[in-house]
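1. Sequence and predicted structure below; questions after.
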2 protein chains.
Amino acid sequence: MKDIDELLHLFRPNPTEEDSIRKTVDSIFQKIISYCKENDLEAEPVLVGSVAKGTNLKDGDIDVFVRFDRKYTRAKLEKWGLSIGHYVIRNGKEKYAEHPYVTGFIDERKVDIVPCYRMEQGEKKLSSVDRTPLHTEYVKSHLNHTGKDEVRKLKLFMKYIGVYGADARVSGFSGYICELLIINMGSFHRTLETFAAMRGKLLIGEPEYTESFDSPAIIIDPTDKTRNAAAAISLENLSRMKFCSRLYLNGKLPEYSKSYEKKRKDATDRGTNLRIFRIKKPAITDDILYPQVLRFKNAIWEIMERSDLRPVSWEICVQDHIEVIIESENREIPALKIHRGPPVDEPSSLDFYNKWMNMEISRGPYILGDRIYVDLIRQQMPISEVVREGLKSVNIGKNIDDQKEAMEIFDPYESGQGSCALDLFLSKFIFQGHPPEKTSRNTRSS
Amino acid sequence: MKDIDELLHLFRPNPTEEDSIRKTVDSIFQKIISYCKENDLEAEPVLVGSVAKGTNLKDGDIDVFVRFDRKYTRAKLEKWGLSIGHYVIRNGKEKYAEHPYVTGFIDERKVDIVPCYRMEQGEKKLSSVDRTPLHTEYVKSHLNHTGKDEVRKLKLFMKYIGVYGADARVSGFSGYICELLIINMGSFHRTLETFAAMRGKLLIGEPEYTESFDSPAIIIDPTDKTRNAAAAISLENLSRMKFCSRLYLNGKLPEYSKSYEKKRKDATDRGTNLRIFRIKKPAITDDILYPQVLRFKNAIWEIMERSDLRPVSWEICVQDHIEVIIESENREIPALKIHRGPPVDEPSSLDFYNKWMNMEISRGPYILGDRIYVDLIRQQMPISEVVREGLKSVNIGKNIDDQKEAMEIFDPYESGQGSCALDLFLSKFIFQGHPPEKTSRNTRSS
């Protein structure tokens, strides 16, 4: 990859941008303060997120929370929160993560206005985002000027190798985790050295707290010792981070384009069967959609496995459509099924014998080891039919279940259709990153 | 199956046959006694086996041991033993089980003359067959007239379902085991009831002795409490015996012809691949040959498994040739190989990456879970080539290794050749018996 300092130079906001951000934030604060005064609300604006902490990359979002007194009901908080949002952002849109907020653009910069409750350290949180201002304060008081750029480097590196983002789509490292890592390790380089040498779990925090978690990555949240701030990180992304850190420190992390080129060579017949399962993308947020997409993939995979289609590999792509690609060894249910019956010691073995003795079967009943078996000849059936039939009796989640009927199933090579799942599948590489271009928002809760 | 009493009537020697056997035995004894006298040998003839115990079936062999004093060396015993054998049996042949002896025909009846050492109960045996006379004495003194016919019924039943014989070919129940079962259970019917109700291991003997064995069937030899007389019985044959006992007692054990007919129906395409591996049968005794044949089958199976040919079922047939039939899901090595590398935590994962990064591969290296993988495209190769190539580096045993070069490999359907392995394969059934026709010798040691 490119030199990390060169990348930092490209993606660090310049003084002009910093100045413009400051002005936008000031005007947002003014509006919120005056709105609260007029409406007699005990609430105040708080700048949170990477802009507040000084760890933002070029073109980053501005996140402003409106912190309400704890006396307000949840319904009141949501109602006033949305009103303030619309007052601040002309043409703003309402969004619902775990919790409603307003998002839109001010001076061509993305801005979120999010209501939350006031919460002191140790207090019970009343809504899912109340902890965010505490994170902001913690990072601001623990990170010096150099540290901020070290966080930026770490974020750029993680974006490069595709592990940045705690949302369900990525299941990787959040911005807050990057900040905690730099606070703990001191620098970008030391952080990568730590990952390169790491074996097993990522563990940060006193054992008495880390012991109670079982994730691949455990980082005790310094603002709430009972929380694992790294719970979102998948085993795969932890592994990628370790491995790519080692490659980077050895000067061997390849250019992104190399991995991309590879794909071209790979678009050859693998002697297997590829099928794309494509449905319309329901209009819901990623964090609700992604777990459903994974269940959708798992349901198809299990149906194929049960029918001995022998699935071996998969990929998911979500754009306008949801696409699941599955590679399998067999293109139809194999004719022969060796059907294992109970051990002969079980009384049910006699039922098994009686049942199959009078059926048209291929062979048996016969005994192998301590069990009874028959060989059955099944009707051969192609992948598409097996999956369509099998999905009928599976509940994946309302949003996807509605789309099952209209699902398209096709062989990407036969159909000649472009497919983002196929592209992802063929370009599968040691890292699945994108060269950093623009920063983009991750979930609210980090 | 036929009524067991009807079978007994058909296969029990009639008085004329018994008389003729007695005459033959007498003349054998006379010859041995006079030979020993002339040559000043301290040795005597002993009638052993089923004839001695009165549990013989029609056309059974006569087994006569020549019991030598323990002062003779092994070499002397073998030399004199063979001389006596040839003196008694005109045109006799020398055979070598664990121990040389002479076999041949007298009055159209098969006779074996086997040398052994005198051994009292508790004494150390000097050759593998010394124990046999003790077995004969034990059975004679514990089995009454009715008991003898019960043993005959049990033998006929076991022959019918294909579990009779302790030799390596069958791995089933010896004649001595049948006798011990009747002595313990009292009757044929009670024995079948015991098997029908049995769960887990067959256990006969005091726990302090049975505890030291780990076979599916354990019957402490009453003439030597440290020996498991049932060691030869395979799990499969024990299971067959349990299951067929249950069917028999319920009046549901089918006629042999039924299972035979079944085969006809089954000679259809199972949608899989069948291959016969055929070599010449070396001229060695079954007990030496069979373990080699099993190793031969296992070697082919493992080669096929390693190459992802997915073997699923097999059968062995030994007649003039040795035939192994193996059924597999794939007819050639699949093109795609998902090659699993080490966990990323292992330093060797970096070597794996370096190795494959510069090779023409289909996809990767990539990370799944905590490991690194690559997808390889292999050369497709048919079963026959894979096995022929793989066997070159496997030592099975001198007798079979000599035949590997000339091995024939063919698809029984394509070639249209008859094959006893295919017949066995297609007729695989709850029991793999043969209707009792003629009794035939089993191993010396039982």
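-> Structure's in. What do you need? Residues are numbered from 1 along each chain as shown, chains lettered A, B, ... in the order given.

2. Name the residues that touch the helix or strand containing A:Thr191?
-> Using DSSP states H and E, A:Thr191 sits in helix A:188-197. Helix A:188-197 is contacted from outside by A:4, A:150, A:153-154, A:157, A:181-182, A:185, A:202, A:241-242, A:245-246, A:248-249, using C-beta atoms under 8 Å, 6 or more residues apart in numbering or on different chains. In short, each C-beta sits where N, CA and C put it, glycine included.

3. Buried among those residues? Make that a PyMOL selection.
-> Restricted to buried positions by 16 or more other C-beta atoms under 10 Å in any protein chain shown, the PyMOL selection for these reads:
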select buried, chain A and resi 4+150+153+154+157+181+182+185+202+241+242+245+246+248
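
4. Mean pLDDT per helix and strand in chain A: which one sits at the bottom?
-> helix A:256-266 (a mean of 54; mean pLDDT, DSSP states H and E).

5. how close does the residue of chain A most remote from its centre get to A:Lys280?
-> Distance to the chain centre peaks in chain A at A:Asn358, reaching 52.6 Å (criterion: C-alpha atoms, centre = their mean). Here the criterion is C-beta to C-beta, to the nearest Å. By it, A:Asn358 lies 48 Å from A:Lys280.

6. for A:Lys95, same thing?
-> From A:Lys95 to A:Lys280 the distance is 20 Å (C-beta to C-beta).

7. With A:Val293 instead?
-> Distance from A:Val293 to A:Lys280, by C-beta to C-beta: 12 Å.

8. Just confirm A:Cys313 contacts A:Glu327, I think it does.
-> Rather than Cys, residue A:313 is Ser. Yes. Shown here, A:Ser313 and A:Glu327 form a contact pair, counting by C-beta atoms under 8 Å, at 4.2 Å.

9. between those two, what contacts are shared?
-> Both A:Ser313 and A:Glu327 are contacted by A:Phe425, under the criterion C-beta under 8 Å, 6+ apart.

10. Give me the number of neighbouring residues for A:Pro343.
-> 16 (other C-beta atoms under 10 Å in any protein chain shown).

11. quick one, what contacts it?
-> Listed by C-beta under 8 Å, 6+ apart, the contact set of A:Pro343 reads A:349, A:370-372.

12. For the residues you listed, which entry has the maximal number of neighbours?
-> A:Ile372 (26 neighbours).

13. Could you verify that that residue is part of a helix?
-> No. Counting by DSSP: H, G, I helix; E, B strand; the rest coil, A:Ile372 falls outside a helix, being strand.

14. And it, how far from B:Arg246?
-> 11 Å.

15. for the record, mean pLDDT for stretch A:148-167?
-> Stretch A:148-167 shows a mean pLDDT of 94.

16. Just confirm yes or no for it near chain B.
-> No. Stretch A:148-167 does not reach chain B (C-beta under 8 Å from any C-beta of the partner chain); its nearest approach is 10.2 Å.

17. got the CA coordinates for that stretch in CSV?
-> In CSV, the C-alpha atoms belonging to stretch A:148-167 read as follows (Å, rounded to 0.1, in the frame of the first residue of the first chain):
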residue,chain,number,x,y,z
LYS,A,148,-5.2,12.4,16.9
ASP,A,149,-3.1,11.9,13.7
GLU,A,150,-2.2,8.4,14.9
VAL,A,151,-5.9,7.6,15.1
ARG,A,152,-6.4,9.0,11.6
LYS,A,153,-3.6,6.7,10.3
LEU,A,154,-5.1,3.7,12.0
LYS,A,155,-8.5,4.5,10.5
LEU,A,156,-7.0,4.9,7.0
PHE,A,157,-5.2,1.6,7.4
MET,A,158,-8.3,-0.2,8.6
LYS,A,159,-10.4,1.3,5.7
TYR,A,160,-7.7,0.1,3.3
ILE,A,161,-7.9,-3.5,4.5
GLY,A,162,-11.7,-3.4,4.9
VAL,A,163,-12.1,-3.8,8.6
TYR,A,164,-13.2,-0.3,9.5
GLY,A,165,-16.8,0.1,10.8
ALA,A,166,-18.7,-1.5,13.6
ASP,A,167,-22.0,-1.8,11.7
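
18. List the buried residues for that stretch?
-> Buried residues in stretch A:148-167, counted by 16+ other C-beta under 10 Å: A:148-167.

19. Restricted to helices, list the residues you listed.
-> Those of those mapping onto helices are A:148-161, per DSSP state H.

20. for those, which one is nearest chain B?
-> A:Ile161 (10.2 Å; C-beta to the nearest C-beta).

21. Shouldn't A:Tyr101 be within a helix?
-> No. A:Tyr101 is assigned strand when assessed by three-state DSSP, not a helix.

22. Thought A:Ser127 was touching it, still the case?
-> No. Contact between A:Tyr101 and A:Ser127 fails when scored by C-beta under 8 Å: they sit 10.7 Å apart.

23. Now for these two: what residues contact both?
-> When contacts are counted by C-beta under 8 Å, 6+ apart, A:Tyr101 and A:Ser127 have A:Pro115 as shared neighbours.

24. In terms of neighbours, single out the busier of those two.
-> Higher neighbour count among A:Tyr101 and A:Ser127: A:Tyr101, with 24 against 18, using other C-beta under 10 Å.

25. which residues does the more buried one contact?
-> A:81-82, A:85, A:94-95, A:112-115, A:444.

26. so what's it closest to, chain neighbours aside?
-> A:Val114 (4.1 Å; C-beta to C-beta, 6 or more residues apart in numbering or on different chains).

27. tally of neighbours for the one you found?
-> 26.

28. next one: the one 10 residues further on
-> Other residues within reach of A:Lys124 by the criterion other C-beta under 10 Å amount to 8.

29. That concludes my questions; thank you for your assistance.
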